[in-house]
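*Asks:* Okay, here's the prediction I keep looking at, along with the sequence it came from:
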Amino acid sequence: MNEGVRKIIHVDMDMFYAAVEIRDRPELRDLPVVVGGPPHTRSVVATANYVARRFGIRSGMASTEAERRCPSCVFLPPNFPRYRELSERIAAILRGYTPLVERVSLDEAYLDVTEDPRGIGSATKTARLIKEEISRVTGGLTSSAGVAPVMFVAKIASDYHKPNGLTVVTPERVLSFLHPLPVSKIPGVGPITAKHLAKLGIRTIGELFRTEEELLQKELGKFGRVLYDAARGRENRLVLPFQERLSLGTEETFPEDLTELYPLLRYLEKCSRDLYEGVRREEKRARRVTLKIKFGDFHQVTRSITLERFFRSPQEIFELAKLLLGRTEAGQRGVRLAGLSLSLFTPPKPHPLPSPPLFFPEES
């Protein structure tokens, strides 16, 4: 790579939760396996092995739908303590290659190996050694890696030849690699944004490249500039060895849609107590509370309030949660899921491991 160009590796464990369960129970290897809540409980799929994915089962799908698509699926409850233990061992491996490791979740991380502290000689060789060591130390778990000069391209590359893949995108190949891909491959481009871009005749990153920046900013605001740069293989992000979690939250899918406010309020009161204690344990204070409501038809809203000062008690959080609930149609429409989160923290003490993803955006 040219001088001044970063060497980024994105490591992503293959079907991590399911792979851990199958490793510990080899008799499941050739069976469709889903890690998540059981069917008929309105739970969702956390992950599925590749056998189950042939039936169209994917993360976030309702467990009932997963069972409908594959009645022979084996459903296993998540074992987060076990996943965390293995994730720590994997992180120790990564830090053996560079101190510049940014852990995004239990099963993926970015590394900046530009300085090559171990003198390995190339990012490609480093990625290969990492994959081999992870497999050896974890008893056969596989990972996929992407190597590129910028973080988002490395992430796309790690998904390119799953499972157990290694994809290298050199600086001179970035545009030829990106341009045939659908715009949905760019991190942050979800179904709504992709649909909006499609109406403008933009379906691939190459078509995005040929679109004027002014039009993208007019249609998508600041994110339009992000997309304009992404289509050119540009990104300002750097690998951060420690990235503090931005929110602390919890949510629950109810066994039946709640049509009355009382059980919702009881749930939110408990959330307020638990979150306040959770923030105190981490020696933080928060200024923002966010309510998430998903209705029976899966329409979802979030509502937030931010104070100029920090929350002083769980009761104060609960009172604000009640106010936010009143800004939704809860009580008029059945509520499938509710959640509460706190954010805008004081500077925290470092924590060694990200939590499983339980949180959600501020407002929609």
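*Replies:* Cool, got the structure.
*Asks:* What score does residue 309 have for pLDDT?
*Replies:* Listed pLDDT for residue 309 reads 88.
*Asks:* dump the residue contacts of it.
*Replies:* Neighbour list for residue 309: residue 287 [criterion: C-beta atoms under 8 Å, 6 or more residues apart in numbering]. All C-beta atoms are positioned from the backbone trio N, CA, C, and that covers glycine.
*Asks:* after the helix or strand of the chain with the lowest mean pLDDT, next one along is what?
*Replies:* Using mean pLDDT, DSSP states H and E, strand 247-258 stands out as the lowest-scoring helix or strand of the chain, at a mean of 87. Toward the C-terminus, strand 247-258 is succeeded by helix 261-281 as the next helix or strand (DSSP states H and E).
*Asks:* Can you give me the buried ones in that next one?
*Replies:* Using 16 or more other C-beta atoms under 10 Å as the test for burial, helix 261-281 gives 261, 264-265, 267-269, 271-272, 275-276, 279.
*Asks:* Format the residues you listed as JSON lines; extra columns: distance to residue 179 and pLDDT.
*Replies:* Shown next, in JSON lines, are the buried residues of helix 261-281 (distance: C-beta to C-beta, whole Å; pLDDT from 0 to 100):
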{"residue": "261", "distance to residue 179": "51", "pLDDT": "94"}
{"residue": "264", "distance to residue 179": "48", "pLDDT": "95"}
{"residue": "265", "distance to residue 179": "52", "pLDDT": "95"}
{"residue": "267", "distance to residue 179": "48", "pLDDT": "95"}
{"residue": "268", "distance to residue 179": "47", "pLDDT": "96"}
{"residue": "269", "distance to residue 179": "52", "pLDDT": "95"}
{"residue": "271", "distance to residue 179": "45", "pLDDT": "94"}
{"residue": "272", "distance to residue 179": "49", "pLDDT": "95"}
{"residue": "275", "distance to residue 179": "44", "pLDDT": "93"}
{"residue": "276", "distance to residue 179": "49", "pLDDT": "92"}
{"residue": "279", "distance to residue 179": "45", "pLDDT": "87"}
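*Asks:* Sheet partners, orientation included, of whichever strand or helix holds residue 110?
*Replies:* Taking DSSP H and E as the criterion, residue 110 maps to strand 108-112. In the sheet, strand 108-112 lines up against strand 8-13 (antiparallel), strand 101-105 (antiparallel) (DSSP bridges).
*Asks:* if we look at the longest one, which residues are touching it?
*Replies:* Counting by C-beta under 8 Å, 6+ apart, the neighbours of strand 8-13 from elsewhere in the structure are 19, 90, 94, 107-113, 123, 126-127, 130-131, 134, 141-151, 153-155, 157-159, 162, 239.
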